[in-house]
Structures are given as structure tokens and as C-alpha cells.
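# Structure of the sequence below:
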Amino acid sequence: MLKKSEYFITSNKKRDPLAVLFLSPSSGNADFVEWHWRQIAGVPFLLRNILNIQRGGVERLVLMTGKNAGGGEELRHRLLQDPRVTLTLDGPADSGKLAEMAPGTGEWLLLDGSQLHDKNKIKSAIMPGGEPGATGKHRIFSLDPNAMTPFLDQMDGYSFSDLELARERSLQSDPGSSESGEHRLVYLLETEPQKISSAQDFQNAGEHILKNSAGLSNDSFATRILSRPVSKQLTRFLLNTRITPNQITVFSFILGLGSALCFFQGGYGMGVAGAGLLLFSIWVDGVDGEIARIKFMESPFGARLDILCDNIVHVAVFFSIGMGLYQTLGETVYLVLGGLAASGSLLAFLLMSEGIIAGKSTTNSSKENNQKKQGLIDKLANRDFTHFLLVLALLDQLPVFIWLTAVGVNVMAIYLLFVRSLQKRTVST
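Numbers count the residues shown, from 1 in each chain. Now for the predicted structure:
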């Protein structure tokens, strides 16, 4: 057994080990290939592991399938058909061939294929201490090259849980081996293992992923309490469909424009309808990011599309609220306020989107400046105002909202211009 005192970190320098994923046999009478290709939160079990391992920094991975060599080849073929898989994927015929893949000195990262692996724990093994929040524990030990084949025979016999026993047996089979061997083996110990050994485990793992991966670390209190619970239910419903995050973004955009059209009509009923429709669009808008993160479908284009659609909706809604109040109450001030709210929101968005605040600082406070920049971006993208808007619409107090918005977004825009001016002075000096 592995003792807690035996875990240690040897270096802060990134290593480049040969990663080996030992696939477990299927449960019961289940087909080996279909077992490892069974969906977990919309992504096949094995593919999810491969993508997490890849994102953890592994560039070369070996699939070991034991007696299921034919099934292993089929799985490897399926993996390579996915454009997201970019690491080198090998599938040696047996343990002897695998042992020959890293002659002489070398380092191996041993991974249990019956568990779901986390990218941060992979990073922890490759670059110990190099990633904040990387909490994965691991153990490193040495093994003589002559003992590698018998050791891998033990591992390929699905005795991964008895790693220490497999090591001892391999040493016994090769009396000439010693502790000062040339191969260094890194074994990840999952502190909270998500072992997949039954059909129910697939569903449990999916629920765990949905619970822990849907939200963002910078979610506001209102988002976590009022929006995420609803968006997660929508995400659960859409995870196993072919609907893409970008399609959801466009649908949310259409709902937002429909909200603006309601506000434009003016009147109490249309105001409430507009606020309700906007809130629903916010819930839907949360789904695109959740599905993108859970199904590894993030993209720079998707991120740009999301923020672009969000801010177009903001501008349209603010302008339409002003127009609706002008048509209902007949007071020109609301036409002016609507225009100010829309133009201020648009200016703030353009300042951010063009990277004016993202200029490189030449001072020692670059980290602080980056944090400030991210905080401003979060404020710009924050849509918590929709809850406040719905309350005011129900109370027939939309004039209060447009006054506050017209002042608030223009103060934000002025502040952004001020920061831009300061950064230009810093660069020039």
C-alpha cells in the first residue's frame, strides 16, 4: 500500500513523461469498446479522459488494453477522428513493446483508465507546484529497465489498484534490479476517485461534472443563487443533444432582441414581458458556456460571439426602454436617457473589445493591472441588472431604471477612458 509519507515533489521544472493509460475491462457482459465510449455528460468516457489528460499538458499517450487489443485499436481510431485530440496516441501490442518505447532513462506517468482524471491533477504530476489549485497527489519511485516488462505485465493485467504489489513482483522476477534504477514511475493518487465500474457510475459522474463544472469562478452572488440553478437544468436537458453552444448563443440573442422589441412598445404589460423575456434569455445565455466547458467545445470565436451578442442586446434594450417610456409618457427626457444609456454601454463595450485596457504595463504592478482589467471585463459582462429590471418593471418603475443606467454606464465609459489615458502616459514614459 502507498503511505501518505511517501508522496513527495521533486522539482518545480516541467517534466515530459511518457503517459500510459491502462484501460479497465468492461463491467459484466458489456462490450469493451462501447463501455469506454459510453457518454458521461455528453462526451464518451474515454474521450473525456483523453481531453483532460491532454489539457493537463501530456503530449504523448499510450493506450494499454490488455486482452482487448482489437477493441483498443477501434477506440484509438475513434479518438483520432475527433479534431480536439491533438496529442500523439500510441497503442503497442503488448507490455514488451511498451517497455521498448522508452529505452534507457525515462519517466512514466501511470494512469488508471477506470477513473475520470482531472487536468489540474495531471498538471500537478508534470509540473509539481506549477499550477495554482493543482491538488493531485502523486508518488514517484524508480525501477530498473530490466524490470519494466514484468512490471507492465502486472499492470496490464488490470492490477492498477495494487501498484505497489506489481512493483514488488517485478523486482522479484528480476533479481538484478535495484532501487537506483533508471526508470522513474509517477503514479497519480486521486484524492476523490471517480471510479467507473458500473452503469450507475456513468450517471453519477455526469451529475458530479454538471455540479462542479457548469459555473465560473467569477460568478456573482446573484448569478450563483438566481441564474445558475435554472441554467444547469436547461444544460442537463441539452447535454446529450447535437445542439452546439454557438447555436444556443444565437437563440439567446434572438430572445434578447425580442425583449427589446417588447420594451419599445411601451406600457406596463409590455415592460413586464420585456423584462421577463430578457431574464429568460440570460438563463439560456448561461447554458452555452456551461455546455462548452463540460463538452470541451470552447473556442475563441464562441467567446467573442457570446460577448458581442450580449452587448448588442444591452444597447438595444436600454435604447428601447427609453423609447418606450417616451412613447408612453411623452417626456423627451426619456428619449435622451435611452440614447445616453445605449451610447454609454456601446462605448464601454468598444473600449474593452479593442483591448485599450489590455496594454502591457512596464511597471512592477502588471499583475495588479491584469486583475483590474479582468475585474472591469467582469463588470462589463455582468448581467445581474436583469433581476433588478424585472422587479422595477413589476413595480412600474422603469423610469428609475433608465435614470440609473444612463448615469452608471457613462460613468463606466468615462473611467475606461481615464484608464486608457493613464496607460498611454505610462507607455510613453
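
# now for the helix or strand where P229 lies, which elements pack on it?
Counting by DSSP states H and E, the element that carries P229 is helix 228-238. Packing contacts for helix 228-238, counted by 3 or more C-beta pairs under 8 Å, 6 or more residues apart in numbering; DSSP states H and E, involve helix 199-213, helix 268-294. Every residue, glycine included, has its C-beta placed from N, CA and C.

# any weak-confidence spans in this protein?
The chain contains residues with pLDDT under 70 at 1-15, 93-94, 101-106, 127-147, 154-184, 188-193, 215-218, 353-382, 427-429.

# how many neighbours does the spatially closest residue to G258 that is not a sequence neighbour have?
Leaving aside its sequence neighbours, G258 sits nearest to L277 (C-beta to C-beta, 6 or more residues apart in numbering; 5.5 Å). Neighbour count of L277, defined by other C-beta atoms under 10 Å: 20.

# Could I get the contacting residues of L277?
By C-beta atoms under 8 Å, 6 or more residues apart in numbering, L277 lies in contact with 255-256, 258-259, 262.

# Looking at the residues you listed, which are in helices?
Of the contacts of L277, the ones assigned to helices by DSSP state H are 255-256, 258-259, 262.

# L98 and V20 touch, don't they?
Yes - counting by C-beta atoms under 8 Å, L98 touches V20, with 7.0 Å between them.

# residues bridging contact with those two, i.e. touching both?
Residues touching both L98 and V20 (C-beta under 8 Å, 6+ apart) are 62, 64.

# Name the residues of stretch 222-237 that are buried.
222-223, 226-228, 230-232, 234-236 (16 or more other C-beta atoms under 10 Å).

# Of those residues, which is the nearest to V284?
Set against V284, the nearest of these by C-beta to C-beta is L234 (6.7 Å).

# Was I right to think that closest one contacts V287?
Yes - using C-beta under 8 Å, L234 is in contact with V287, at 4.8 Å.

# Roughly how far does L238 sit from M148?
46 Å (C-beta to C-beta, to the nearest Å).

# Mind checking which of these two has more residues around it?
M148 (27 against 20).

# which element is the more buried one on?
Going by DSSP H and E, M148 is in helix 148-155.

# again, but for V186
Secondary structure (DSSP H and E) places V186 in strand 183-189.

# where does the residue nearest to L392 when sequence neighbours are not counted fall, phi/psi-wise?
Nearest residue to L392, sequence neighbours excluded (C-beta to C-beta, 6+ apart): F401, at 4.8 Å. When read as degrees, to the nearest 10, the backbone of F401 gives phi -60, psi -50.

# tell me the domain boundaries of the chain?
Domains of the chain are assigned by automatic domain parsing as 4-198, 214-428.

# so how far is S320 from R78?
Distance from R78 to S320, by C-beta to C-beta: 49 Å.

# more crowded one of the two?
Higher neighbour count among R78 and S320: S320, with 23 against 16, using other C-beta under 10 Å.

# Would you pull up how far the helix or strand hosting the more buried one lies from the middle of the chain?
Per DSSP H and E: S320 is located in helix 300-329. From the chain centre to the centre of helix 300-329 is a distance of 27 Å (C-alpha atoms, centre = their mean, to the nearest Å).

# Between helix 268-294 and that helix, find me the angle.
170 degrees (axes from the mean of the first three to the mean of the last three C-alpha atoms, to 10 degrees).

# Can you give me the buried ones in helix 300-329?
By neighbour count on 16+ other C-beta under 10 Å, the buried set for helix 300-329 is 302, 305-307, 309-326, 328.
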